[in-house]
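>>> Turn this into a structure:
(chains A and B)
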Amino acid sequence: GNSVTQMEGPVTLSEEAFLTINCTYTATGYPSLFWYVQYPGEGLQLLLKATKADDKGSNKGFEATYRKETTSFHLEKGSVQVSDSAVYFCALIDTGNQFYFGTGTSLTVIP
Amino acid sequence: EAQVTQNPRYLITVTGKKLTVTCSQNMNHEYMSWYRQDPGLGLRQIYYSMNVEVTDKGDVPEGYKVSRKEKRNFPLILESPSPNQTSLYFCASSLTSPQETQYFGPGTRLLVL
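Sure, this is the predicted structure:
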């Protein structure tokens, strides 16, 4: 079946450090891939997405590239800020319109 | 303001007492969905709806019911809640399909004693 695996957290970084959160997936067919972010006490918000192989999604300095050969969609940011502290979820949607989320990775950025 | 609203935001109940969590969106979205969020498990999809009168099971539908009689509303019904349904529940909607941006409600925290 379909599934998403994210790196375990929590992740703690100093401000301006480089961020990578790993995400790999298992899916039949050609899923679309997403990163959602959840700030404390709020619902999820779409951060970026990619709908086909080699697509790069980007938003607010975050990037992720859809790698079909490695079934991965790692999230990266070159210089994190305190305001990036949140929980990040990798997700996929299959051709049946059902969503699958990873377990989430908590990020804390310290000044 | 475009938004997804859920009520109630917090609920404590007892085993077996039927409850409904309402979800409403004012964006004329066709796709709506319910998720539950549990520590260490992330979000899991309960049910989704592609449009009025069209609903499908997600990953964890057992113990839940939904209905979609109007486009704007998508209530989640727990006919006989049990303690393992204690969780944080999110409703979400998107314009025509989940391939597009999903807008999430603020969440409903449910405790079943």
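
>>> Quick check: the residue of chain B nearest chain A.
Scanning chain B for the residue nearest chain A gives B:F104, at 3.2 Å (criterion: Cβ to the nearest Cβ). Heads up, the C-betas are built off the backbone N, CA and C, glycines and all.

>>> can you pull out the strands in chain B?
Using DSSP state E, the strands found in chain B span residues B:4-7, B:10-13, B:19-25, B:31-38, B:42-51, B:54-57, B:65-66, B:76-78, B:87-94, B:103-104, B:108-112.

>>> whoops, I mixed them up, chain A
Using DSSP E, the strands found in chain A span residues A:3-6, A:11-14, A:19-21, A:23-26, A:32-38, A:44-50, A:56-59, A:62-65, A:75-77, A:86-93, A:99-101, A:105-110.

>>> Please name whichever of those is nearest to B:K57.
Smallest distance to B:K57 across these (Cβ to Cβ): 12.5 Å, for strand A:99-101.

>>> list the helices and strands that closest one packs on?
Strand A:99-101 sits against strand A:3-6, strand A:86-93, strand B:31-38, strand B:42-51, with contacts defined as 3 or more Cβ pairs under 8 Å, 6 or more residues apart in numbering or on different chains; DSSP states H and E.

>>> quick one on the thing from earlier: now the strands of chain A in TSV, with mean pLDDT?
Formatted as TSV, those follow (pLDDT from 0 to 100):
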stretch	mean pLDDT
strand A:3-6	93
strand A:11-14	97
strand A:19-21	97
strand A:23-26	96
strand A:32-38	95
strand A:44-50	95
strand A:56-59	96
strand A:62-65	98
strand A:75-77	98
strand A:86-93	95
strand A:99-101	90
strand A:105-110	96
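
>>> can you tell me which of the helices and strands packed on strand A:99-101 comes nearest to B:Q99?
strand A:86-93 (6.4 Å).

>>> What is the burial count for B:R72?
16 (other Cβ atoms under 10 Å in any protein chain shown).

>>> ok, now the one 4 residues further on?
Around B:L76 sit 22 other residues, with neighbours defined as other Cβ under 10 Å.

>>> The residue lying closest to it once chain neighbours are set aside: what's it in contact with?
Sequence neighbours aside, B:V21 is the residue nearest to B:L76 in space, at 4.6 Å (criterion: Cβ to Cβ, 6 or more residues apart in numbering or on different chains). Taking Cβ atoms under 8 Å, 6 or more residues apart in numbering or on different chains, we find B:V21 in contact with B:6-8, B:11, B:75-76, B:78, B:89, B:91, B:108, B:110.

>>> any idea how far B:V21 is from B:T15?
With distances taken as Cβ to Cβ, to the nearest Å, B:V21 is found 17 Å from B:T15.

>>> B:T86 too?
Going from B:T86 to B:T15 by Cβ to Cβ gives 10 Å.

>>> I'd like the strands of chain B laid out as JSON lines, including mean pLDDT and distance to A:G57.
As requested, the strands of chain B are exported to JSON lines (pLDDT from 0 to 100; distance: least, Cβ to Cβ, whole Å):
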{"stretch": "strand B:4-7", "mean pLDDT": "96", "distance to A:G57": "23"}
{"stretch": "strand B:10-13", "mean pLDDT": "96", "distance to A:G57": "34"}
{"stretch": "strand B:19-25", "mean pLDDT": "98", "distance to A:G57": "24"}
{"stretch": "strand B:31-38", "mean pLDDT": "95", "distance to A:G57": "20"}
{"stretch": "strand B:42-51", "mean pLDDT": "94", "distance to A:G57": "19"}
{"stretch": "strand B:54-57", "mean pLDDT": "94", "distance to A:G57": "26"}
{"stretch": "strand B:65-66", "mean pLDDT": "98", "distance to A:G57": "30"}
{"stretch": "strand B:76-78", "mean pLDDT": "98", "distance to A:G57": "30"}
{"stretch": "strand B:87-94", "mean pLDDT": "96", "distance to A:G57": "16"}
{"stretch": "strand B:103-104", "mean pLDDT": "94", "distance to A:G57": "18"}
{"stretch": "strand B:108-112", "mean pLDDT": "97", "distance to A:G57": "29"}
